[in-house]
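can't give you the sequence, but here's the structure:
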C-alpha cells in the first residue's frame, strides 16, 4: 500500500521535476529514473528519519484532506447554485434520484455537516490524541520504533 501511495503522491512531482530539468521528453526510462533521484532521496531520508509519519499523516488527513475532498466541493456547489438565476441557466440538472435543487442542497449540507462532525471532529480528535500519546516513543533514526521499554536489570 505504501508503494501505491508513494506513486500517487509523487508522480506529479516527478513530472514537474522532469519538466524543470528538461528531461520530460526523454524516452529513456533509465535517464528519467536517474533524473528523479534528487526528488526521491530526500523523501526516503525523511521517511527513515521520521518513522512516526503514520500518526502525522493521519492527523493531516483528518484535518486537511477532509476540507479539500468533501467540504469545499459541497460548499462551493451550494454557493454556486444559491440563486434562482444560476439554477435556471445550468447545463447539468440535479441527478434523477434527487429530482430538485432543494434536495441537492440538503444532500450537500448533510455532507458538509457530517464531515465536519465525524471526520474533522472525531477523526481529528482521535488522530491528534493518538499523535500526542505516541510522542514519547518517537526518536529520530529510531532503531526500534515503539518497542516496549527496557526493563532495568535486577541484581
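Received the coordinates, thanks. Bear in mind that the values here come from a model prediction, so they are computed numbers and not experimental data. Numbering: from 1, shown residues only.

burial count for residue 151?
Other residues lying near residue 151 total 6 when counted by other C-beta atoms under 10 Å. Every C-beta, even on glycine, is put in place using the N, C-alpha and C of the backbone.

one more: residue 36?
Counted with other C-beta under 10 Å, residue 36 comes out at 19.

contacting residues around it?
By C-beta atoms under 8 Å, 6 or more residues apart in numbering, the contact set of residue 36 is 14, 17, 18.

at 6 Å instead, please
Listed by C-beta atoms under 6 Å, 6 or more residues apart in numbering, the contact set of residue 36 reads residue 14.

skipping adjacent residues, who's closest to residue 111 in space?
Computed as C-beta to C-beta, 6 or more residues apart in numbering, the closest residue to residue 111 that is not its neighbour in sequence is residue 74, at 4.5 Å.

what about the one you found, which helix or strand?
In this assignment (DSSP states H and E), residue 74 forms part of helix 72-80.

and that helix, average pLDDT?
Taken as a whole, helix 72-80 has a mean pLDDT of 92.
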